[in-house]
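Novice: show me the folded form of this:
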Amino acid sequence: MNACLLALVSLSLPPGILVDRVIAVVDKEVITYGELLREVRVALVIHEDPRTAMADLPAEVLERGLDNLVNMVVIAAQARRMGDVDVPSDEVDRATEHFASRFSSSDAYRAFLRRFDISEAALKGILRRDMRNERYIAQRLKAWRMGHAVSSPVRDADALERWVKELKAGVELRLLGPNGELELQ
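Specialist: Just a heads-up that it's a prediction; the model follows:
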């Protein structure tokens, strides 16, 4: 049914109207510009302020957001391969409630979701993936620490950065280049 709906919508649009575009492919997982915008706005609400998320997004924020999103997709894929970390639905619901509480009112929260075309299911999906990734990363860092001496000069952040680079090196990553083509990284 979704394919039929998509076909009908695409037939009703005038030729040449861009609905969305692919900006990255991580292995076989496609990331669209619309997803990037949604992810960046959600991250801004979580880490900064809802007002920041409502503003225009500068290019450097989108660039950092794309790098972060690619990292999250790569980590999520690794977590699935290694045995998924479970996040109970009630925890996702609490995280969603906490996200909504960052707004001045429930009306402001709902207006944010409507304005940026973010369904509550999509929001919960983002929150669930982030929570899974955080748990998986915590497990990896704990195992890493156990294998290294306490006096090791390598910090968790450095170890995490190296690990993510290794994960990214093991996937086929294509990003939208300056010529508008997806380029192998």
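Novice: give me the pLDDT for the most centrally placed residue in the chain.
Specialist: For the chain, the residue nearest the mean C-alpha position is residue 69 (4.0 Å; Cα atoms, centre = their mean). Residue 69 is assigned 96 on the pLDDT scale.
Novice: with the one 10 residues further on instead?
Specialist: What the model reports as pLDDT for residue 79 is 87.
Novice: which residues touch it?
Specialist: For residue 79, the contact set (Cβ atoms under 8 Å, 6 or more residues apart in numbering) comprises 85, 132, 133, 136. Yep, even glycine has a C-beta here, placed from its N, CA and C like the rest.
Novice: swap the cut-off to 10 Å and go again
Specialist: 85, 129, 132, 133, 135, 136, 137, 139, 140 (Cβ atoms under 10 Å, 6 or more residues apart in numbering).
Novice: burial of the fifth one, as a residue count?
Specialist: What it means is residue 135. Number of residues near residue 135 (other Cβ atoms under 10 Å) recorded here: 15.
Novice: quick one on the thing from earlier: lowest-confidence entry in the contacts of residue 79?
Specialist: residue 85 (78).
Novice: correct me, but that residue touches residue 130?
Specialist: No - in this structure, residue 85 is not within contact of residue 130 by Cβ atoms under 10 Å, at 11.6 Å.
Novice: before we move on, what SS does the residue nearest to the centre of the chain have?
Specialist: Following DSSP: H, G, I helix; E, B strand; the rest coil, we place residue 69 in the helix state.
Novice: what sits against the residue nearest to it when sequence neighbours are not counted?
Specialist: The shortest distance from residue 69 to any non-neighbouring residue, by Cβ to Cβ, 6 or more residues apart in numbering, is to residue 39 (5.1 Å). Applying Cβ under 10 Å, 6+ apart, one finds that residue 39 lies in contact with 31, 65, 66, 68, 69, 72, 73, 118, 122, 126, 129, 130.
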